[in-house]
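**Student:** just need the structure, nothing else, for what follows:
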Amino acid sequence: MERFGWESKIRVLVLIAEGALLVIEVETKDELTELIAAGAVLVNVQENDELDQGGLKFDEHWPLSTFATRKARVSPGNERPLVFYCRSGVRSYKAAEIAAEWNESSCYILQGGYPRFL
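**Tutor:** Prediction:
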């Protein structure tokens, strides 16, 4: 996966599988804008009944409760960075951790959930 020059500014949350895989926290709207410009896929992991509570415009909706059915969409070789989000960041972190293992590359989450990015 392409490395972004601003990645050094982002705090790394977790090293997975001997340091090879990362869940990276996006801290600012500018960082999110750069990821989207680079072709990132914004994935909402909220449940269906939470969608009416608000959020960001997203490319994909993968509720965490059905996340296991998305493994083929997150397979190795997917060149587009995946940015997961939910309201608080807890479910997005879990989704990114799973996807990083499946995809064998880094994944991103929105620090503190989507309200900070509205």
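**Student:** from here on, contacts and neighbour counts on C-alpha atoms
**Tutor:** Will do.
**Student:** show me the helices in this protein, by range?
**Tutor:** Under the criterion DSSP state H, helices of the chain are mapped to 29-37, 90-103.
**Student:** got CSV for these, with mean neighbour count and mean pLDDT too?
**Tutor:** CSV is the format used below for these (neighbours: other CA atoms under 10 Å; pLDDT from 0 to 100):
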stretch, mean neighbour count, mean pLDDT
helix 29-37, 15, 93
helix 90-103, 22, 88
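**Student:** please, where are all the strands along this structure?
**Tutor:** Applying DSSP state E to the chain gives strands spanning 12-16, 21-26, 41-44, 60-61, 82-85, 107-110.
**Student:** Phe58 and Asn44 touch, don't they?
**Tutor:** Yes: look at Phe58 against Asn44 with CA atoms under 8 Å: they come within range, at 6.3 Å.
**Student:** before we move on, the earlier item: among the helices of the chain, which comes closest to Asn48?
**Tutor:** helix 90-103 (13.7 Å; CA to CA).
**Student:** who are the packing partners of that closest one?
**Tutor:** The contact analysis (3 or more CA pairs under 8 Å, 6 or more residues apart in numbering; DSSP states H and E) places helix 90-103 against strand 21-26, strand 82-85, strand 107-110.
**Student:** least confident of the ones you listed, on average?
**Tutor:** Mean pLDDT values for these show the minimum at strand 21-26, a mean of 83.
**Student:** adjacent strands (with direction) for that strand?
**Tutor:** Strand 21-26 has the following strand partners under DSSP bridges: strand 12-16 (antiparallel), strand 107-110 (parallel).
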